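*Asks:* I would like the atomic coordinates for the input below:
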Amino acid sequence: MAGRESAENTAGDEEADLDGTAVQDEAARDRARAISLSGGQPPTTLPGYRILRQIGEGKYGTVWLARELNTGKHVAIKFYTHRRGVDWSLLGREVEKLAVLYTSRNIVGLLSVGWDHDPPYYVMEYLPNGSLATRLEQGTLPTVEAVRVATRVCQALVHAHGSGILHCDLKPANVLLDQDQEPRLCDFGQSRLADEQSHALGTLFYMAPEQADLKGVPDARWDVYALGALLYHMLVGQPPYRSEEGERLLKNAGSLEERLEIYRRIVRRSPRPNGHRQIARVDAGLAEIIDRCLAVDPARRFANAQAVLDRLRMRAQSRARRPILAIGLILPIVLLAGLAPVALAAMRDAVSTARDNVTARALDSNALSVSLLADSLRQALERRLGELSSIAADEQVRDAVEREIDNPPDQRAALWKLLDQRRTTMDVKLTQERRRVDASWFLCDAGGVQRWRNPRSDSQEKNYNFRDYFHGLDVEFVENAAPEGIRPIEEPHISLAYRSTSTGQYSIALSAPVRDQENRKVIAVLARTLDLSDLLMDYEKSLMEHGVSLSGRKLALIDSREWKLLAHPWLTDHADKLSVVQFDQLTLPEVMQYQLAEMLRITPLQAAEDRLDRSDDYLDPVGLLPPDKYGGVREYGGGWLAAFSAVGNTHWIAAVQEDRDAAWKPVDGLRSRLLMSGLVGLGVVGVLLVGMWGLIIGLLNDRGPRWLRNLAGRGRTELAGSTLLSLSTKGSESD
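*Replies:* Alright, predicted model coming up:
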């Protein structure tokens, strides 16, 4: 067939001819069945073959199905019965090329030729499953199947190119399927030798744009383009660039040259085909192979079929490695994911243990501190009460009191002077000891009327027999409503805490009875008052003077009878701003009341052993006040680590508390550092894994550092050499 005639017959459609092929499409098979049923007779008989039926008819003759008598194998025999117009030289060259390529499993095999026979014939393999074009009429192929077919066709092209033959008309109709659905390349009627200069036209939409030129010189890249178009068709359902508008323009063309010019314009001016990229199972590697095959510029195309085959194999190898690489990547990730909960649990255990240890040490330290605080308060009270009792028992004081207590105020000068001197002496002593002086001293007669006070105030000459410091009954009566027959104390006494009208703080009065010279009855009560907060401040000051820091700890006093705060750092600055009702709100939570009540019922040693003298979740009553009404209470919110101890024979409980969050801050820092270290370690492992697998993938794909590639290559060479040597040695031993 001449090139021009072939282009005119194939442009714009895929109707197959039978020149050099067996069954081309379903229509041809239908014609073959009709011919077979019509009972036609073969033009001749051939020795060694039994002709069964006609299976096709072409421009130059008929094709018959026959059985080879020696082997029983079916073959296809083409008889050239229409000799007029046959270019015997071209047909002879096609047969010669098929004879050269007969060893390829991917090319339809030529079995025998009878040019001297009348009519001439040649015998080829019979492929019963028709052409790829027939298969594509049923729809597109799955990606895996399309790549398999393209790979086999590419192998056939590699074999042909290696033999110096260019096909030049690759299309679905020229790919037949054998009994195993394996593709076989056929119809080398348009093929050219690699060194030929004569042009060969292919089929429109499978033909490279530079091939659509009657002056074009055959090039291996023509077959590369057609291979890309074939693969595109199998995936998308039609060849690239085909459209209704384009086919209309081609159909209306007046000449072959005009048709070829329109085709070149369609390919070069249309957008690059991207239908294959819309298919989900088409990966980037396959899409790139198709794009390079279909490159309009031949320089950007694969150089030959071998380059395409190498890339297809590289893609197949890469995809085959994916499960192994995925396992190699996933296993460490799964291992890390499995170890992560264990590591997190270990970290939580370590943090929890560290927190428990910190809590235990803090509570033990607070318990020791509060024990010292309670003992210090007890000693301070006993000392002051002892000093007061000594003054009350002094002969000079007793004589002055007995002599002047009932005199009018202007006749008590000697008594006042004496008592002022004693008060001054005590204040000097306290000052020298760096302790706070008493808030006041006063003297009441046996009826409760205040006869002397230092500092002076309008409270003198008023009756205070309702006060606990006077009667010692551990109760405060309503002012001016004390019971009949109320009597003064007989023994030194520490009064109930009461709120001072001058400072707003809770205060106490230490009182001692003053007896007559015969020691028969109490004639007066001598008392000294002090703010409870002063006792706590004296203790803090003493610690600081000895170089001991409270390190954020807070000291407080609690009344175990009503569970109210008596002294607290916040009260020192805010007590004067609180009403009686607001003061009553500063009460311990019930759960702490029960715990401390139990602590008071047993010995201090038992309380310590049962851990009743401490709490790791103490709620400070100040922190429970609404912060929008009271400033500074936020500082006391949240949980505290607190320890408690009873103060002597009083009803007080001393407390030393420490902000729990502050105590746990080092542990939280440890947790943050452990977590950060874990994340950094995980990141390092991740980077190493990514780097390692990137390097492995690079080496597998012949990428990566040159020295490492050389090392890997040298290792492979040595391995191959040792294998050959081993085989040679075994062979020698067997000889």
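
*Asks:* quick one: low-confidence parts of the protein?
*Replies:* The model of the chain has pLDDT under 70 over residues 1-39, 58-60, 82-104, 189, 191, 194-195, 325, 502, 580-581, 696-735.

*Asks:* Got the domain ranges for it?
*Replies:* 3-303, 378-535, 551-664, 668-728 (automatic domain parsing).

*Asks:* looking at the ones you listed, which is closest to Ala350?
*Replies:* Nearest of the domains of the chain to Ala350, taken as CB to CB: domain 668-728 at 7.1 Å. Any C-beta I mention is one placed from the backbone N, CA and C, and that applies to glycine too.

*Asks:* sorry, back to before: with Leu344 as the reference, name the closest of the domains of the chain.
*Replies:* So among the domains of the chain, domain 668-728 is nearest, using CB to CB, at 8.0 Å.

*Asks:* So Gln179, which state does it fall into?
*Replies:* Using DSSP: H, G, I helix; E, B strand; the rest coil, the secondary structure recorded for Gln179 is coil.

*Asks:* same check, this time on Thr140
*Replies:* Per three-state DSSP, the secondary structure class of Thr140 is coil.

*Asks:* can you check Gly56 too?
*Replies:* Three-state call for Gly56 (three-state DSSP): strand.

*Asks:* Over to Arg322?
*Replies:* With three-state DSSP as the basis, Arg322 sits in helix.

*Asks:* distance of it from Ile330?
*Replies:* Relative to Ile330, Arg322 is positioned 11 Å away (CB to CB, to the nearest Å).

*Asks:* ditto for Ala220
*Replies:* Ala220 sits 42 Å away from Ile330, taking CB to CB as the criterion.

*Asks:* Between the two, which is the more surrounded one?
*Replies:* Neighbour tally, Ala220 and Ile330, criterion other CB atoms under 10 Å: the higher count belongs to Ala220, 21 against 12.

*Asks:* In contact with the nearest residue to the more buried one once chain neighbours are set aside: list those residues for me.
*Replies:* Among residues not flanking Ala220 along the chain, Asn304 sits closest, at 4.2 Å (CB to CB, 6 or more residues apart in numbering). Residues in contact with Asn304 (CB atoms under 8 Å, 6 or more residues apart in numbering) are Val158, His161, Ala220, Arg221, Val224.

*Asks:* in which helix or strand would I find the first one?
*Replies:* Element membership of Val158, judged by DSSP states H and E, is helix 143-162.

*Asks:* what packs against whichever helix or strand comes after that helix?
*Replies:* Sequence order places strand 165-166 as the next helix or strand after helix 143-162, per DSSP H and E. Applying 3 or more CB pairs under 8 Å, 6 or more residues apart in numbering; DSSP states H and E, we find strand 165-166 packed against strand 192-193, helix 220-236.

*Asks:* so of those, which one's packed in deepest?
*Replies:* The highest average neighbour count among those, using mean count of other CB atoms under 10 Å, belongs to helix 220-236 at a mean of 26.

*Asks:* Let me know the angle separating that helix from helix 143-162.
*Replies:* Following axes from the mean of the first three to the mean of the last three CA atoms, to 10 degrees, one obtains 170 degrees for the angle between helix 220-236 and helix 143-162.

*Asks:* so where do the strands sit in the stretch 551-700 of the chain?
*Replies:* 554-559, 564-567, 614-619, 639-646, 652-659 (DSSP state E, counting those that start in this stretch).

*Asks:* which parts of the fourth one are buried?
*Replies:* Okay, so that is strand 639-646. Gly639, Trp640, Leu641, Ala642, Ala643, Phe644, Ser645, Ala646 (16 or more other CB atoms under 10 Å).

*Asks:* residues in contact with the closest residue to Arg634 other than its chain neighbours?
*Replies:* Nearest in space to Arg634, with sequence neighbours left out and distances taken as CB to CB, 6+ apart, is Pro627 at 5.1 Å. For Pro627, the contact set (CB under 8 Å, 6+ apart) comprises Val633, Arg634, Gly637.

*Asks:* Contact partners for the last one?
*Replies:* Neighbouring residues of Gly637 by CB under 8 Å, 6+ apart: Asp620, Gly623, Pro627.

*Asks:* could I get the residues you listed as JSON lines with distance to Leu689?
*Replies:* Shown next, in JSON lines, are these (distance: CB to CB, whole Å):
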{"residue": "Asp620", "distance to Leu689": "51"}
{"residue": "Gly623", "distance to Leu689": "50"}
{"residue": "Pro627", "distance to Leu689": "51"}
